[in-house]
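Participant: return atomic coordinates for the entry below.
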Amino acid sequence: MTIHKTDMLKTLWATVRHGKIELLESEELPEETRVLVMLLPDDETEFWLQTSQTSLSSVWDNTEDDVYA
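Facilitator: Numbers count the residues shown, from 1 in each chain. Below is the predicted model of the structure:
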């Protein structure tokens, strides 16, 4: 297994067409680059709302902030 050093993680948008993942933007990827594929539901808006709500709830719904109420 070849592991390539990267400076940071990068998110690239893609779609699946005819069983192949096609990037929506041009990007040069070295051969054997490891990628992580996350499947998003068709209604991406609902997915991101639910995901961000979890983070917001952890920030706003905590007993430490009750002193400000």
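
Participant: for stretch 47-60, what is the distance to the chain centroid?
Facilitator: 14 Å (Cα atoms, centre = their mean, to the nearest Å).

Participant: would you mind pulling the contact partners of it?
Facilitator: For stretch 47-60, the surrounding residues in contact (Cβ atoms under 8 Å, 6 or more residues apart in numbering) are 40, 41. Using the backbone N, CA and C atoms, a C-beta is placed for each residue, glycine as well.

Participant: the same query, at a cut-off of 10 Å, please.
Facilitator: Contacts with stretch 47-60, where a contact means Cβ atoms under 10 Å, 6 or more residues apart in numbering, come from 40, 41, 43, 65.

Participant: please tell me how far residue 46 sits from residue 16.
Facilitator: Using Cβ to Cβ, to the nearest Å, residue 46 is found at 20 Å from residue 16.

Participant: repeat that for residue 32.
Facilitator: For residue 32, the distance to residue 16 - Cβ to Cβ - is 21 Å.

Participant: ditto for residue 35
Facilitator: Separation of residue 35 from residue 16 (Cβ to Cβ): 13 Å.

Participant: please pull out the lowest mean pLDDT helix or strand from this protein.
Facilitator: Scoring the helices and strands of the chain by mean pLDDT, DSSP states H and E places helix 44-60 at the bottom, with a mean of 78.

Participant: figure out how far that helix is from the centre of its chain.
Facilitator: Computed by Cα atoms, centre = their mean, the chain-centroid distance of helix 44-60 equals 13 Å.
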